[in-house]
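In: prediction below, plus the sequence it came from.
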2 protein chains.
Amino acid sequence: MQRAAALVRRGCCPRTPGPWSRSQSSAAAEASAVLKVRPERSRRERILTLESMNPQVKAVEYAVRGPIVLKAGEIELELQRGIKKPFTEVIRANIGDAQAMGQQPITFLRQVMALCTYPNLLDSPSFPEDAKKRARRILQACGGNSLGSYSASQGVNCIREDVAAYITRRDGGVPADPDNIYLTTGASDGISTILKILVSGGGKSRTGVMIPIPQYPLYSAVISELDAIQVNYYLDEENCWALNVNELRRAVQEAKDHCDPKVLCIINPGNPTGQVQSRKCIEDVIHFAWEEKLFLLADEVYQDNVYSPDCRFHSFKKVLYEMGPEYSSNVELASFHSTSKGYMGECGYRGGYMEVINLHPEIKGQLVKLLSVRLCPPVSGQAAMDIVVNPPVPGEESFEQFHREKESVLGNLAKKAKLTEDLFNQVPGIHCNPLQGAMYAFPRIFIPSKAVEAAQAHKMAPDMFYCMKLLEETGICVVPGSGFGQREGTYHFRMTILPPVEKLKTVLQKVKDFHIKFLEKYA
Amino acid sequence: MQRAAALVRRGCCPRTPGPWSRSQSSAAAEASAVLKVRPERSRRERILTLESMNPQVKAVEYAVRGPIVLKAGEIELELQRGIKKPFTEVIRANIGDAQAMGQQPITFLRQVMALCTYPNLLDSPSFPEDAKKRARRILQACGGNSLGSYSASQGVNCIREDVAAYITRRDGGVPADPDNIYLTTGASDGISTILKILVSGGGKSRTGVMIPIPQYPLYSAVISELDAIQVNYYLDEENCWALNVNELRRAVQEAKDHCDPKVLCIINPGNPTGQVQSRKCIEDVIHFAWEEKLFLLADEVYQDNVYSPDCRFHSFKKVLYEMGPEYSSNVELASFHSTSKGYMGECGYRGGYMEVINLHPEIKGQLVKLLSVRLCPPVSGQAAMDIVVNPPVPGEESFEQFHREKESVLGNLAKKAKLTEDLFNQVPGIHCNPLQGAMYAFPRIFIPSKAVEAAQAHKMAPDMFYCMKLLEETGICVVPGSGFGQREGTYHFRMTILPPVEKLKTVLQKVKDFHIKFLEKYA
């Protein structure tokens, strides 16, 4: 330190090579010795600290990978080190990560991806022709016929065409324009990008973003980051988490006192709540957005995950067009899809798309400019998206296997949705709405006042306290409702239904046993 | 419109299903008819417009994919439509996209990626054992042994370990800690994430970010987005674009009048300028950062791209450690690498890493939290990064081929760097510094005052005017220096050296002919 200080006074820097110019191992040893011996003596205050950092980033919370998940990681390490626990493994039911729970990838999707990755395989007889055809088509649309080239910032052209064709089929012929499709790095990327463009103003003119409570915490996180105003509207738990337009009206009216509500976010099928919106409800919401001049964000990543026989997925886009030209040529809408959910569960590839409707042409230019800064979404994720929207069709070689695999995943999920609802509702002090769609249960749990007090003593939200205890006693990792938002005084947790059926039964039984014990302990 | 208005008065929404509930094709036809007939009549003002959008996003510029590239796209379409031009193809020398220019992927990397993508191939005799070994190792570290699972937000553990081992080897034994490694979606993601955390304060306390001029426009774009203060320091063109600490001192002193300079960004090897910093220069910069309490960002994505026999890549990390504990335990540094450049050129996979040094433990927590919102970087990109840092070694089955492919790419680039420098310097009115590293030439061009006037008449920067003419007359797409920043009154363009040697020769000849003609025209 003295030497450095002296050098500063002389206004130059130390030129003598340090210990690292000597042999690697001795140098490494010496360095760590140096660092160990005098870290305190020479340590200055850091430039980047909790005090000096971006306060908006500091305010961000993201429960799905929050403290409970860090704790789960610690427990896993303890188990690996042989520390005895009342369980032998941590079950991560905190995140919708299907393949991590043992779900097998769709064979056809991976075949096309492998062919695109290593085109020598196009000569291999062990790959089906329909997979090769798709791979060739994707490669031809890539620079240098390679997944290793950047794509256009908006995504590979032919993949955007396939997405548009998929949407048109899905929506019974409502036309989709490839120019309105933006391929994204998972759906999260699309959602945060469009919000980034939408947020403006200061003080009472700051943009308000309406989000459901409970919500998927990406929304609150991005709102924090952008310093926008979060405007909560509550889903109706008594009514299967339905969205009630009167509640939207209340929320927007109250918000107008302190911000400029400009965006309405909808998650359908719901995350974490699992409800599937009726066509009527969607019409009501669109009409409300039209009336209140709100930009609509429709998070539809669970569009393939509808289990209840009484429910059907209706896209906001389709309903918008069915409502006639006053709506279809005026309401501004961005909707999102992803490779991560559905029956394919390809989370790791970070594929997704956004479709925009009625976006001002100048804003389209701004969007492309903003996207171009990060160059392009991962091209392998774009290829995965292509297979999701362009799967084998009847008559193609791979159709039968594809169809079997898809139905098996979705059939299993439907079975597990019912199983979870039924089992939770047998437990005293737990109430679970039907899991109409998505891949989560969000049961309401009764927490006795003594447990609420104990939680307060630990400076924890009561449901965080509950989930921590559940994790420590059973190894089951779920996310407290407070991470998603809930009406004050109510408590919930979100649990995925992704473990295989037999394991899910065990999990549910363990939660039941834990809950009964918990009620007894804090009675 | 009347119907909709009536419905509003009644306070409910139209219930009647629109035309889309009928047959798909007729419905589609009718819709577009409807949209064509009365778009103007029913069109309201948009919510999201240039006026209402986020002004910080509006201020973003990104020249590498800016107006010149849009024009190139238009010209390509015209060529496809058979419109005659004085050339038959557009040559995209605007972006460092090696594989789009015909560079072949490294076989070993793609073999491992294919094995990870479609693990059935692990039984195939046509893949080498060393590739299978790496694929198995990566898959074992993935949830459900699949690239389709989310990874930890910071990246797959064993890949972070491989990155740390690579850095330790590269830096002659200076230890690297996997806990300090964050896998990212290309280097851009790491750079924008750490800047996002660093920026704070208002008014004169707003964070100032020092960037070189010329710079890679990611920096200015992210600074705009974050509403931080851009603090320019100029590289010394007369001295091979060297970084002079006196210039850093000037810049920081001036900046202190209007902001809080807190971050110093360095690009080494330089983009767009191609210089490779000397060890002494790096020491000077580190000392300056220490003295001025600046957080250092070292963009080292071209670390494998050094061509000049007189130059060597020195990492900031290594020099920092060699300068002794006062520096190595105090200077806060983030350095970045990518799969996109080097000899592999795997841009499309969006792989990268960031290493942080002396980051406050609480900030590490904040960083992981922020990263967790977007879940994880693409796992396929992480796998690509693993092969970049853990390639075949002597004795392994694939070593010889790998080594041959790598040396061929780098040897070719070195040849093209020299060729480009030599050829540009033969043209009157063009001066080109040596291309010591990276993959760009950034020649200075003389633009006659008559051409400057013509550009002003077209409301274009003079070098944008020059590059547009070059594109229109030759099909060669390069980026004007004004997109990177340059001293006032000087003009440049950035051109990649990625086209194959023979094509590059033609390109350079065409630029020469164009330039001479241009000088004559505006003499």
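Out: Everything's here; your move.

In: next, count neighbours for residue A:415.
Out: Residues lying near residue A:415 (other Cβ atoms under 10 Å in any protein chain shown) number 14. In short, each C-beta sits where N, CA and C put it, glycine included.

In: ah, wrong one, I meant residue A:236
Out: Neighbour tally, residue A:236, other Cβ under 10 Å: 13.

In: before we move on, what about residue A:260?
Out: 18.

In: partners of it in the sheet?
Out: residue A:207 (DSSP bridges).

In: residues in contact with it?
Out: A:201, A:204, A:205, A:206, A:207, A:208 (Cβ atoms under 8 Å, 6 or more residues apart in numbering or on different chains).

In: save these as TSV, and put in pLDDT and neighbour count too.
Out: Converted to TSV, the contacts of residue A:260 look like this (pLDDT from 0 to 100; neighbours: other Cβ atoms under 10 Å in any protein chain shown):
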residue	pLDDT	neighbour count
A:201	93	17
A:204	94	12
A:205	94	11
A:206	96	17
A:207	96	23
A:208	97	25
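
In: pull the most distant pair out of those.
Out: Using Cβ to Cβ, the contacts of residue A:260 reach their maximum pairwise distance at A:204 and A:207, which is 11.1 Å.

In: give me the common contacts of the two.
Out: A:259, A:260.

In: how much space separates residue A:204 from chain B?
Out: Distance, residue A:204 to chain B, using Cβ to the nearest Cβ, to the nearest Å: 15 Å.

In: so that residue sits in a strand?
Out: No - per DSSP: H, G, I helix; E, B strand; the rest coil, residue A:204 lies outside any strand segment and is helix.

In: the one helix or strand residue A:336 maps to and chain B, are they touching?
Out: Element membership for residue A:336 (DSSP states H and E) is strand A:333-338. No - residues of strand A:333-338 contacting chain B under Cβ under 8 Å from any Cβ of the partner chain: none, with a closest distance of 9.6 Å.

In: which other helices and strands does that strand contact?
Out: When contacts are defined as 3 or more Cβ pairs under 8 Å, 6 or more residues apart in numbering or on different chains; DSSP states H and E, strand A:333-338 packs onto helix A:186-198, strand A:295-299, helix A:316-322, strand A:351-357.

In: okay, angle between the second one and helix A:186-198 too, please.
Out: Regarding strand A:295-299 and helix A:186-198, their directions subtend 170 degrees when assessed with axes from the mean of the first three to the mean of the last three Cα atoms, to 10 degrees.

In: how about strand A:295-299 and chain B, touching?
Out: Yes - against chain B, strand A:295-299 shows contacts by Cβ under 8 Å from any Cβ at residue A:295.

In: contacts for that strand, please.
Out: Contacts of strand A:295-299 (Cβ under 8 Å, 6+ apart): A:187, A:191, A:194-195, A:198, A:216, A:262-268, A:271, A:285-286, A:289, A:315-317, A:331-336, B:47-48.

In: change it to 6 Å
Out: A:263-267, A:289, A:316, A:332-336, B:47-48 (Cβ atoms under 6 Å, 6 or more residues apart in numbering or on different chains).

In: most surrounded residue in those?
Out: residue A:334 (29 neighbours).

In: what's near enough to touch that one?
Out: Counted by Cβ under 6 Å, 6+ apart, residue A:334 has contacts A:194, A:297, A:354, A:356.

In: can you select the buried ones from those in ChimeraX?
Out: Only the buried members of these enter the following ChimeraX selection, criterion being 16 or more other Cβ atoms under 10 Å in any protein chain shown:
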select /A:194,297,354,356
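
In: before we move on, back to that, got JSON lines for the helices and strands packed on strand A:333-338, with mean pLDDT too?
Out: Formatted as JSON lines, the helices and strands packed on strand A:333-338 follow (pLDDT from 0 to 100):
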{"stretch": "helix A:186-198", "mean pLDDT": "95"}
{"stretch": "strand A:295-299", "mean pLDDT": "98"}
{"stretch": "helix A:316-322", "mean pLDDT": "97"}
{"stretch": "strand A:351-357", "mean pLDDT": "97"}
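
In: mind checking the ones you listed for the one nearest to residue A:160?
Out: strand A:351-357 (7.8 Å).

In: give me the average confidence score over the very next helix or strand once past the closest one.
Out: With elements assigned by DSSP H and E, the helix or strand that comes after strand A:351-357 is helix A:361-373. For helix A:361-373, mean pLDDT rounds to 92.

In: just checking, which helix or strand succeeds helix A:361-373 along the chain?
Out: helix A:379-389.

In: and that next one, anywhere near chain B?
Out: Yes - contact of helix A:379-389 with chain B (Cβ under 6 Å from any Cβ of the partner chain) involves A:379, A:380, A:381.

In: can you check stretch A:91-109 too?
Out: Yes - using Cβ under 6 Å from any Cβ, we find that stretch A:91-109 touches chain B at A:97, A:99, A:100, A:102, A:105.

In: now the buried members of the residues you listed.
Out: A:97, A:99, A:100, A:105.

In: of those residues, which is the nearest to residue A:464?
Out: residue A:97 (21.3 Å).

In: looks like that closest one contacts residue A:347 (just checking).
Out: Yes - if you go by Cβ atoms under 6 Å, residue A:97 and residue A:347 touch, sitting 5.5 Å apart.

In: overlap in contacts, the two.
Out: residue B:150.

In: next, count neighbours for residue A:59.
Out: Neighbour number of residue A:59 under other Cβ under 10 Å is 13.

In: contacts for stretch A:363-373?
Out: Contacts for stretch A:363-373 (Cβ under 6 Å, 6+ apart): A:153, A:154, B:48, B:57, B:62, B:65, B:221.

In: ok, the residues you listed vs residue A:443, which is closest?
Out: The nearest one, if we look at the contacts of stretch A:363-373 relative to residue A:443 and count by Cβ to Cβ, is residue B:48, at 38.1 Å.

In: quick one: the nearest residue to that closest one once chain neighbours are set aside and residue A:236, what's the gap?
Out: Once flanking residues are discounted, residue B:48 sits nearest to residue A:363: 5.3 Å by Cβ to Cβ, 6 or more residues apart in numbering or on different chains. Distance of residue A:363 to residue A:236, computed by Cβ to Cβ, to the nearest Å: 34 Å.

In: check residue A:520 too.
Out: In terms of Cβ to Cβ, residue A:520 sits 32 Å off from residue A:236.

In: just residue A:265 next, same as before
Out: 17 Å.

In: now do the strands in chain A.
Out: A:91-92, A:181-185, A:207-213, A:229-234, A:260-267, A:295-299, A:333-338, A:351-357, A:430-431, A:440-441, A:444-445, A:476-477, A:479-480, A:493-496 (DSSP state E).

In: out of the ones you listed, flag the one nearest residue B:433.
Out: Per Cβ to Cβ, nearest to residue B:433 of the strands of chain A: strand A:181-185, 36.1 Å.

In: what about the longest helix in chain A?
Out: In chain A, with assignment by DSSP state H, the single longest helix is helix A:399-425.
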